[in-house]
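Asks: The amino acid sequence is not available; the structure is as follows:
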C-alpha cells in the first residue's frame, strides 16, 4: 500500500530524543558540531565504470551513489524539442534497519522528486541539446542509490546527482536501418552548465533553534525540517518535510541555508576540478 | 491477493441483522419504505467540468459520480470498425469504513463489469460511429467513483454511467503530421440512443419476501440478491450476487424489477431533459 | 515481497524426517524403492487440444502439464535471426498445501529457468528456423502447470516441456495488410531434434547416501540436492538447490544421474513414438 | 452480433450436431489431485476444469477469520494454453476476478460454513481447456471437489449454461456458440433444493426466452447431476473395493 | 518556460479577471459524505477536493500502531476524469504518493495525535476536478473533515498557493497559471498559531519574491479561514436547528 | 554461440591478459556500511558487490518465524547503472529472484541457524558494477558481511566462477567471456569443510571439462579465501588498534 502515507515507521528512543533536544536547546550537538556546521563532505566522480556518469557523496556516515545512464526515447508531447530527464532513488535495504524491500516508498519517491525539481528548473541541463530528431530525444536517467542513511539524504543525493551529471558523457547516435542506436565508443560532454549547479540545503529546528545537516537521530528529534535548493542566487526548490515554521523562522532558515550552500558548493567544485584524483 | 475471492470482509451486528429480517418478514423496512419503493433518486448531469460527460446520482445516501473521458486508440481485432468502451469503477475509501486502499477489489470489478455488460449489448451506444480511420477509433472511458456507499451501488452506478454518456460530447479529430489528436474546441454529440438506455434494477430477498433498492445494512442481511438490466422491453444483463432463488422467485423478482425500472427511467429522463437545471 | 528469498515456508514433522533419514542411511526408502529407482513415469503428448503442442507427465504422484503456444514477436537485439523461446511455470495452488496464490514465487521461477536453460543450450530447438522476416520471429511459449507436487518437479517438468515441444506444430504465417497473422489451419512441424532432447535428473543426498527421484517428503529431509541436465553425452545444465556436496559426491551424483537419464529418456521415446496411443 | 464462420444452427441441428437441449459429452473424475483434500476434473466437450479443495484449515492472517462461520475462498483461473488462439497471460484478469466472486457466491449456499467457525476452505479451479461454458464446468468440478473433501453440503451445485442462438434457446454453449450467440446465461443449480445459486446473463433476451432458458438449464443440471452422483459413487465404490476386496 | 496561449497577466489583471492577490471563488460544504466520521468538499474555482475522515479506529496490523500516539494516514488521489485533457490513470502516481506524504506532514502539527495512542485516523482526499492548487484545496478540505469528525486539533490548516506569473507574485494559481508560471509555492498555514505546515516551491525565485509570496499566502489563508469557520458553524447551526427546532 | 568481437583466448592468454587459471584483481573491504550489523564490499575486476547484514532480529510477521531455527533472507539486486549498455530496470527480474534463492541456499549450509530460533537474519546484496561473475562476488561479500555481523558460521562460503572458453576451462569469467563462452559454472565453496554449496551450470560441457572446472574453482576459492581472511583480520586488527592503541 504505497499509495497512502505514512509508509512504515521509524524509531528513536524517548531518552535519546530528549538528550538531542536538550543539547540543541543549548546550541550543542551530540557529535560536537556547531549549529551551522556540516559534517565532513566528500564528493568523488567517475566511481562507476558501467555508468555514463557517476558520483558518490559521503556526508559524515551518509553514503549515496549516483549513476547516469543515457538512452533514446520519445519527448514529452508539450516539449517536443527537449530531452527527457528522469530521476529515480532507491534507498537500499542496506541503508538502515528501517528500509523495507519493495518498490520505492514515499521517502525515496520524495527524495527523487525534490532532487529532480532542483535540477529541472534552473537551467543546469540544456534540454534542447538533448534533441536528436523529430520524435526522438536523449533520455537521461539519474539513479540515486542510498547505501547508508545517517540523515540528510536530500543534501547528499542532490550533490551526487549534480556531480554525476557534470561528469557524464553523452554517447553518439548511430542511425541505422533498424532505427537509432547509441554508440558508446564515441561520446560528447553532457550539456550542463556548472555555474548553475543546484545545491540543496536542509535546515532543521528544535524549539526555536535552527541547525544544518541533521544526522538520522537528529531528524527523528526535530520540530521542523525544510530544504532549500539554490542555483546561483535564486531559490529553485523548497520542501518542508517535517513540523512547522513561523514566517520569521523561514527567513532565518533561508539565511542559514545559504551558509550551507557555500560549503557544499565548494566540495562540489573541488570534485569537478580534480576528477582524476577522485576516480577509483 | 485480489485474485482469490473473497476480498476483505464486511460486517453487520447479529441483532441489527435479525431486526432487519424480522421487519421485512412482516413487509416493513427499517426506513419505513414499502417493499417496492425506491429511496429518493436524484440524477444531475454535467457536474464535472473537466470531463467530456458526467453525471452524479444520489440514491438515498448512496452517492456515485460518473465521468466520461474520450481518447483515441486501436480497435479490438475482432471489431476493427468499432470504437472501444471501457467501464472502470473505483469505490473510494471515502465510501464506507470497509473499503481498503488499493487497486479495484472484486466488488468494484464486478460493479464495473455489470454496468459495462448492460451498456454494451443493447445498442445504447452506436459503436460504429466511434470509428475514425483504419486502425484508429475513439476510446470512451466511463469512470465510476463511488463517494458514499449506502447500498445498491449497481443501480446507482448504472444510472450515473448512462446519464454521463447521454450528456457527453465527442471531441473532434485533428489529423496532424505526428498523428491524430483530439480537438476539444470542436465537439459533436456522443452517439447514444436515449430510447435504448439500459436500466439496472436490483431485487433482494429475505425469507421469501422480495424488495427493491436495498440499503447497505439490508444488503448484509439478505438471503438473495439479483440485478436485472433492461433496455426497452428486453433483458440485457442479469447478475445474481448473493444467495439463492427458486424459479418462481426469479419470475417474481423480474416483475418487481420492472416496477423499479420505471421509476429509475423517469428520474433519468427528467435529468436528461433539463440538464441546465441540474448543472452545478 | 517476491524479491527476497525465501518465499513462504514448507514443513515436515521432525519424526517423519528422522524416519526417512534413518531408512535412507540403511539404503531403504519409505516407498520401498531402490536408491537408483525412479517412480513409475508416464508421458502422454497431445493432451491439450487448445495448445499448439502439449504433454503431461506423471512421475509417481507428481503431475505436470506442459502446453506450447506459438505467437509472433520481435527477436532479441543480439540474435535478430532467431526465434524466441519463453518458459514459464505456474505451481497451481492445487499442487500442495504450501502453494500461495500470486505471481510465480521463487520455486516456480527457478523451475522455469532450469528447464529453460536445459532446452536453450543443447540445440534441441533450431532457433533459426523460427525466423519469419526482418524484425519478426516466432515466439514459442512453453507453459508448465504443476497440478500435483509430490517431489522432483524439475525432472517431471523438463520431461513435459521437451515432450510438448516434440509434439508441437508451427502455425503458418499469413502476411496481410495489417501485418503478420498466424494461420492455425496450416501447420508445420516444430523444428526440434529429438536426438538432442535434454533430460534433467535430480540426485539427492542424505548423510553420504545418494538417491534418485525424491518424493516431496524426501526433498524436505535431504542434506543436498542437485539436478543435472544431459543432452546426448553432454552436461547442459546443473543446479544445486539444497545443501552441500564434496567433489567426490558430485562425481558420484553425476554417475547416478546418468542411470536416471536412461530411464527418463526411454519413457520420453515411447511417448513420442506412440502419440496416438497416449492421446486423450 | 458478428456473423459466425459456419451457421450455428440449421434445421434445429447445431454446428456440432447437437439438438438444442443436448449437453456435450460430460466426463467426471473425482479425486484426481492426490495432495488435495478433495478434487475433481470435469469436462463438458472440450472444456476441462480441474478443481482442488484444501481445508477446512486454519485462517491466516487470523483477523480475517470469522467467529461464527468458516470462510470459503474461491479462485477461478485459466491456464495460459487453455484458449483457442493467443496464449492467455497468466496474470489474473478482471474477468477471472469477477468469476471467482460469482462462483464463490454460487457455492456458499450449498456449503455448511456455520460448521467451520474460524476456519477457511480453499477452492482452486484451473481451466485446462476452454471451449465455452467454463464457469459452468468449474462449478460442477468445485462442488464435487468439496464433496470429495468431506465438507458438509446441503446439495451439489451443478453448473450449466444456456444460450440464445439464432433465436433458439440452447443448452451448454460451445466456444463458437458463445462467441457469436445473441445471449449467454450461465447457471448454477442445486437439483434437490431446486435453487439457483449462479445466474448471469448477457445479450438481448425477451422475458419468455429467459424463462425458457432457465427451464432448459434445470433439465441440463438434472442430467449432469446424475453423472456427478455416479462419479462420486464410483470413487467410493472403488475405495471400498480396495479396502474390503472386490 | 513555455509561452501560454493567452497572456497570464495584463495591466495587473489576470487571465480570469482576478487581481494578483485575489482568491478564486471558495466554496465549502462540511459533512457531505454520510458514512464518514467527518467530511468536507472544498472548491477553489474549478478545483474540487472531497475529503473524508474515518477514525480514530483500531490499527491493523497492530505492529504498525504506536504506544504513545495515534497514526494519521493520508491519501491524496485524483479521479480519472479530474484532469483537463487526457484521462488520468487511476493507479497512484509518484506525484500522488509524494503529495500524500507532504499533506500528512502538513496536517500532523495540527492534530493532537498524542490523544489517540495505538489508534489510527484515516484521511482520504479525492480530487474531482483539477484546475490548479489541488493540494491547497485538499488541505483545507482535510482540516475541515478532521474537525467535522471531532478530532482534537490545535488549529485548522488552511491550504493556499502562491505563484510567480510574469514576474508578479499572485495568489491561488489556476490550472493555466500553474502550467505556464515561473514559480509555484503551495502553502499550508495555521492562522491562529501563525505556523506554516506545508511549504513547497518550484521554479526560479529571488529571495524577495519568495518572502512576498509567503506574505500573500498568509493573507489568502486568513481569508479562506473565515470561510471555513462559517462553514463549520453553518453545519453545527443546522444540526442544532434539527435537534432543538429553529 | 555468437562470435565475440575480439578473440577470447589466444595462445593460452585471455583477452584481458590473464592465464586460464587466474583470477582478476580481488579487492575486499569489510565493514563499509556503518548502519549495518555487518557489511563487505568485494570486487573481482570491474564487478563490485556490496553486502550488508541486519540481524539476528525479530521476525515480522511472526507466523513466518521457525521455532527451532532462524530464517535467513537473502536479496540479490543490481543497481540500475551497474550494467554495461542499457539502464537496468530496478524492479527485480526473474533472474534476480532465482539468484537470491540460490545464494540463500549457498549460504545456509555455512550459517548456524539452529542458534537463532524465531529470529531472522537479513542479507542484502547490491551489484554496483557488473562485469561477469556477479553471483560469485556476491557470495564472498555476503559471507564476509555475515562474519562481520558476528553471526556463528561453520566456514566462509567463497564464490568463484569457472567457464569454458574456446574449449579451455578458465577461472573467473569476465563480462565479455560470460557473454560469448560455451559454458558458465558459478560455484560456492567452503574451503575448510571442502563442500560445494553453490553449483550452477549453463552451456555444453563434457564430463571431463565439468570436473576440471570444479577443480579449478576449488583452487580459485582457496586463493580468494586467503584474501578474505586477511581482510577480516585487517578490520579486526584496526579495531584492536583503535581500542588498545597500536
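Replies: That came in fine, so what should we check first? Source: prediction; values computed, not measured.

Asks: Where does residue A:47 sit: helix, strand or coil?
Replies: State at residue A:47, reduced to three classes by DSSP: H, G, I helix; E, B strand; the rest coil: coil.

Asks: so it touches residue A:65, yeah?
Replies: Yes - using Cβ atoms under 8 Å, residue A:47 makes contact with residue A:65 at a distance of 6.8 Å. For glycine as for every other residue, the C-beta is placed from the backbone atoms N, C-alpha and C.

Asks: neighbour count winner among these two?
Replies: Per other Cβ atoms under 10 Å in any protein chain shown, whichever of residue A:47 and residue A:65 has more neighbours is residue A:65, with 26 against 22.

Asks: List the buried residues for stretch A:222-232?
Replies: Buried positions in stretch A:222-232, judged by neighbour count with 16 or more other Cβ atoms under 10 Å in any protein chain shown: A:222-231.

Asks: Now compare those and name the two farthest from each other.
Replies: Farthest apart among the buried residues of stretch A:222-232 by Cβ to Cβ are A:223 and A:231. That separation is 28.4 Å.

Asks: Please enumerate the helices of chain D.
Replies: Assignment of helices within chain D using DSSP state H yields the ranges D:94-107, D:134-148, D:175-180, D:207-244.

Asks: nearest to residue A:185, of those?
Replies: Among these, helix D:94-107 comes nearest to residue A:185, with 47.7 Å by Cβ to Cβ.

Asks: Residue numbers of chain D in contact with chain E?
Replies: With Cβ under 8 Å from any Cβ of the partner chain as the criterion, chain D meets chain E at residues D:61, D:63.

Asks: Residue numbers of chain D in contact with chain C?
Replies: Taking Cβ under 8 Å from any Cβ as the criterion, chain D approaches chain C at residues D:33-36, D:39, D:46, D:50, D:52, D:54, D:57, D:75, D:77, D:79-87, D:90-91, D:122, D:124, D:126, D:128-131.

Asks: which ones among those residues are found in strands?
Replies: D:39, D:50, D:52, D:54, D:57, D:75, D:77, D:122, D:124, D:126, D:128-129 (DSSP state E).

Asks: Farthest pair within these?
Replies: Within those, two members stand farthest from each other by Cβ to Cβ: D:57 and D:129, at 29.7 Å.

Asks: Those two: which has the busier surroundings?
Replies: residue D:129 (27 against 14).

Asks: give me the beta-bridge partners of that one?
Replies: residue D:48 (DSSP bridges).

Asks: residues contacting it?
Replies: Contacts for residue D:129 (Cβ atoms under 8 Å, 6 or more residues apart in numbering or on different chains) come out as C:48-50, D:43, D:46-48, D:82.

Asks: need these in a markdown table with neighbour count, can you?
Replies: Formatted as a markdown table, these follow (neighbours: other Cβ atoms under 10 Å in any protein chain shown):
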| residue | neighbour count |
| --- | --- |
| C:48 | 28 |
| C:49 | 15 |
| C:50 | 23 |
| D:43 | 22 |
| D:46 | 18 |
| D:47 | 27 |
| D:48 | 26 |
| D:82 | 27 |
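
Asks: Return the nearest residue of chain D with respect to chain F.
Replies: Residue nearest to chain F within chain D: residue D:60 (6.3 Å; Cβ to the nearest Cβ).

Asks: hang on, isn't that residue packed against residue F:61?
Replies: No - using Cβ under 8 Å, residue D:60 is not in contact with residue F:61; the gap is 9.1 Å.

Asks: what's the spacing between the nearest residue to residue D:227 once chain neighbours are set aside and residue D:153?
Replies: Excluding the flanking residues, the one nearest residue D:227 by Cβ to Cβ, 6 or more residues apart in numbering or on different chains is residue D:26, at 5.1 Å. Distance from residue D:26 to residue D:153, counting by Cβ to Cβ, to the nearest Å: 20 Å.

Asks: How about the contacts made by whichever residue of chain D sits closest to chain C?
Replies: At 2.6 Å from chain C, residue D:81 is the closest residue in chain D, using Cβ to the nearest Cβ. Shown in contact with residue D:81 (Cβ under 8 Å, 6+ apart): C:48, C:50-51, C:54, C:67-69, C:141, C:143, D:87-88.

Asks: ok, of the ones in strands among the residues of chain D next to chain C, which come out buried?
Replies: D:39, D:50, D:52, D:54, D:75, D:77, D:122, D:124, D:126, D:128-129.

Asks: out of these, who's nearest chain B?
Replies: residue D:75 (4.2 Å).

Asks: so how far is residue D:77 from the closest residue to that closest one other than its chain neighbours?
Replies: Spatial nearest neighbour of residue D:75, excluding adjacent residues (Cβ to Cβ, 6+ apart): residue B:4 at 4.2 Å. According to Cβ to Cβ, residue B:4 and residue D:77 sit 9 Å apart.

Asks: for residue D:197, same thing?
Replies: 21 Å.

Asks: Check residue A:224 too.
Replies: Taking Cβ to Cβ, one finds residue A:224 at 51 Å from residue D:77.

Asks: And for residue A:186?
Replies: 51 Å.

Asks: Give the residue spans of chain D that score low on pLDDT.
Replies: For chain D, the stretches with pLDDT under 70 are D:1, D:239-246.

Asks: Centre-most residue in chain A?
Replies: residue A:158 (1.8 Å; Cα atoms, centre = their mean).

Asks: quick one: contacts for that one?
Replies: Contacts for residue A:158 were tallied using Cβ under 8 Å, 6+ apart; they are A:114-115, A:118, A:198-200, A:229.

Asks: pLDDT score assigned to it?
Replies: You'll see residue A:158 listed with a pLDDT of 98.

Asks: Any chance of the contacts of residue A:158 in a markdown table with distance to residue D:203 as columns?
Replies: Formatted as a markdown table, those follow (distance: Cβ to Cβ, whole Å):
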| residue | distance to residue D:203 |
| --- | --- |
| A:114 | 54 |
| A:115 | 55 |
| A:118 | 58 |
| A:198 | 61 |
| A:199 | 66 |
| A:200 | 61 |
| A:229 | 60 |
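
Asks: So which of these is the closest to chain C?
Replies: Each of the contacts of residue A:158 was scored against chain C by Cβ to the nearest Cβ, and residue A:115 proved nearest at 24.4 Å.

Asks: Which single residue in chain D comes nearest to chain A?
Replies: Taking Cβ to the nearest Cβ as the measure, the point where chain D comes nearest chain A is residue D:61, at 14.9 Å.

Asks: And for residue 109, the neighbour number?
Replies: In the absence of a named chain, this looks at chain A. 23.

Asks: Chain D is the one I meant
Replies: Residues near residue D:109, counting by other Cβ under 10 Å: 24.

Asks: Residue A:188 too?
Replies: Residue A:188: 10 neighbours (other Cβ under 10 Å).

Asks: so what's it up against?
Replies: By Cβ under 8 Å, 6+ apart, the contact list for residue A:188 reads A:169-170, A:172.

Asks: From those residues, list just the buried residues.
Replies: A:169-170.

Asks: now, which of the contacts of residue A:188 sits nearest chain E?
Replies: Nearest to chain E, judged by Cβ to the nearest Cβ, of these is residue A:170 at 24.2 Å.

Asks: hang on, isn't the residue nearest to residue D:227 packed against residue D:44?
Replies: Yes - in terms of Cβ under 8 Å, residue D:26 counts as a neighbour of residue D:44; the distance is 5.8 Å.

Asks: So those two - more neighbours on which side?
Replies: Each of residue D:26 and residue D:44 has its neighbours counted (other Cβ under 10 Å); residue D:44 has more, 28 against 20.

Asks: what's residue 218 in contact with, if anything?
Replies: Looking at chain A here, since you left the chain open. By Cβ under 8 Å, 6+ apart, the neighbours of residue A:218 are A:20, A:24, A:29-30, A:151, A:204, A:211.

Asks: not what I meant, chain D
Replies: Here residue D:218 is in contact with B:247, D:189, D:194 (Cβ under 8 Å, 6+ apart).
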